[in-house]
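1. my questions are about this predicted structure, shown below with the sequence.
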Amino acid sequence: MMKLRPLNKVVRAAKASVVLAVVAVIASSACSQQAAAQSYPDRRITFVVPYPAGGATDVSARLLATKLSDAWKQTVVVENKSGAGGVIGNDFVAKAQPDGYTVLIGITQLIQAPSLVSKLPYDVFKDLAPVTQVALSPIVLTVPDAQPVKSLKELIELAKANPGKLPYGTFGNATTSHLYGELLKKTANIDMNHVPYRGSAPLLNDLLGNQVTAAFVDLTTAGSQLSAGKVRALAVGGEARKRQLPDVPTLAELGFPGFEAEGWVGVFVPAATPKDIVAKLSAELARIIASPEGVAGLQALNLVPVGGSAETFEAVLRRDHARWANVAKAAGVRGE
């Protein structure tokens, strides 16, 4: 007669087999990820820009794509997947294969949106992994040359003398430009009419035509007209003055704190991308950004080059998430 093993020994043996199987799977997965990281990249990389071609985000993406392709001897293409204020392109990358071959070139909207809209199809902290911060995109409070005001103080005085009559322009609802504008109205206790545009280019056109009294516009768009003297800068956002406008004070310097958070361009991949791949991509892009060609290319767009590690960028994201939440609450702005 066959002798039966005690039940507890059978259970222990079964558990041991399961543990060994799990360990084997983990080890196999780790080896597979390590091999993938070592061979990365071995095929085409796609940079997804969630906005139309031609803007600062698109141009900076193409600069990085060209330099990365040269360095890694692999094709790097840029695809524009615009719509829904960037949400379509962001979501596309958040749900892409986490292998380092689909890369998002995103902007501050990623970290602002959670405080402005009730529902998003992705969570920026759970579904996307930061790679590096490309550059800061300064915002400038400007007036047309046709306006008599020469300072923020004079603009505020003009607005107070004409409550509800002066239009101010932004490059869209629930954008950095809009948040800055509404926050200034609250902190300066002025009443100006918000005029949202579909981007910076049409906003600048109407600013040049003196159809809006003032506008918060990005320096990339306004830079050439500022240099030409056709529009005048009264103040800049951020923590410090800008290299391109050394004589223009920050809003904080002028007695209006709360504008320290700035627009930026950054690189992301799907959250489950192996850390070795993220680190490899981050190091190479940071090198490109800090190179003389990278610095010159970004500064030509009136962007402020940043670069740095994925960990540094993640800290920026968490800091800016809190900052923009405070700005949105103080300004009373909600997305559509």
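-> Perfect, thanks for sending it. Note that the coordinates shown come from a computational prediction; the quantities given were computed from them, not determined experimentally.
2. quick one: average pLDDT of the helix or strand that contains T46?
-> Secondary-structure assignment from DSSP states H and E places T46 in strand 45-49. Here strand 45-49 scores 98 as its mean pLDDT.
3. pull up the pairing partners for that strand, direction included.
-> strand 76-80 (parallel), strand 102-107 (parallel) (DSSP bridges).
4. let me have these in JSON lines, extended by distance to P114.
-> Every residue, glycine included, has its C-beta placed from N, CA and C. Shown next, in JSON lines, are the strands paired with strand 45-49 (distance: least, CB to CB, whole Å):
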{"stretch": "strand 76-80", "distance to P114": "24"}
{"stretch": "strand 102-107", "distance to P114": "14"}
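5. who touches the strand holding T46?
-> Residues outside strand 45-49 that contact it (CB atoms under 8 Å, 6 or more residues apart in numbering) are 57-58, 61, 64-65, 68, 74-82, 89, 92-93, 100-105.
6. PyMOL command to pick out the buried ones of the residues you listed?
-> Applied in PyMOL, the following selects the buried portion of these according to 16 or more other CB atoms under 10 Å:
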select buried, resi 57+58+61+64+65+68+76+78+80+81+82+89+92+93+100+101+102+103+104+105
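7. biggest strand in this protein by residues?
-> strand 128-137 (DSSP state E).
8. in JSON lines, list the strands paired with strand 45-49 along with distance to G164 and mean pLDDT.
-> Below are the strands paired with strand 45-49 laid out as JSON lines (distance: least, CB to CB, whole Å; pLDDT from 0 to 100):
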{"stretch": "strand 76-80", "distance to G164": "39", "mean pLDDT": "97"}
{"stretch": "strand 102-107", "distance to G164": "32", "mean pLDDT": "97"}
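9. so which of these gets nearest E314?
-> E314 lies closest to strand 102-107 among the strands paired with strand 45-49, at 13.6 Å (CB to CB).
10. list of residues touching that closest one?
-> By CB under 8 Å, 6+ apart, strand 102-107 touches 45-51, 57, 60-61, 64, 78, 86, 89-90, 92-94, 96, 128, 131, 134, 137, 263-270, 281.
11. and the angle from that strand to strand 128-137?
-> Counting by axes from the mean of the first three to the mean of the last three CA atoms, to 10 degrees, strand 102-107 points 40 degrees away from the direction of strand 128-137.
12. on that earlier part again, now do the next helix or strand after the longest strand of the chain: which elements does it pack against?
-> Once the chain leaves strand 128-137, the next helix or strand it forms, by DSSP H and E, is strand 139-144. In terms of contacts (3 or more CB pairs under 8 Å, 6 or more residues apart in numbering; DSSP states H and E), strand 139-144 is packed against helix 152-161, helix 176-188, helix 200-208, strand 214-218, helix 219-228, strand 231-236.
13. okay, buried residues for the helix or strand following the second one please.
-> Along the chain past helix 176-188, the next helix or strand (assigned with DSSP H and E) turns out to be strand 193-196. Counting neighbours by 16+ other CB under 10 Å, one finds that the buried residues in strand 193-196 are 194-196.
14. was I right to think F92 contacts G83?
-> No. In this structure, F92 is not within contact of G83 by CB atoms under 8 Å, at 10.0 Å.
15. common neighbours of the two, please.
-> With CB under 8 Å, 6+ apart, F92 and G83 have common neighbours P50.
16. where does the prediction get shaky in the stretch 201-336 of the chain?
-> Residues of the stretch 201-336 of the chain meeting the criterion pLDDT under 70: 336.
17. go again using 90 as the cut-off
-> 201, 334-336 (pLDDT under 90).
18. related to what we said a few turns ago, which of the buried residues of strand 193-196 sits closest to G181?
-> H194 (6.2 Å).
19. is that closest one in a bridge, and if so with what?
-> The residues that H194 bridges to, once DSSP bridges is applied, are Y168.
20. run through the residues that contact V143.
-> Counted by CB under 8 Å, 6+ apart, V143 has contacts 149, 155, 207, 213-215, 231-232, 234.
21. again with E239
-> E239 neighbours (CB under 8 Å, 6+ apart): 250, 252, 260, 262.
22. same thing but 10 Å
-> E239 is in contact with 136, 250, 252, 259-262, counting by CB atoms under 10 Å, 6 or more residues apart in numbering.
23. ok, so of these, who is nearest P163?
-> F259 (22.6 Å).
24. ok, the closest residue to L158 other than its chain neighbours to T221 distance?
-> Sequence neighbours aside, V149 is the residue nearest to L158 in space, at 5.8 Å (criterion: CB to CB, 6 or more residues apart in numbering). To T221, V149 is 21 Å away according to CB to CB, to the nearest Å.
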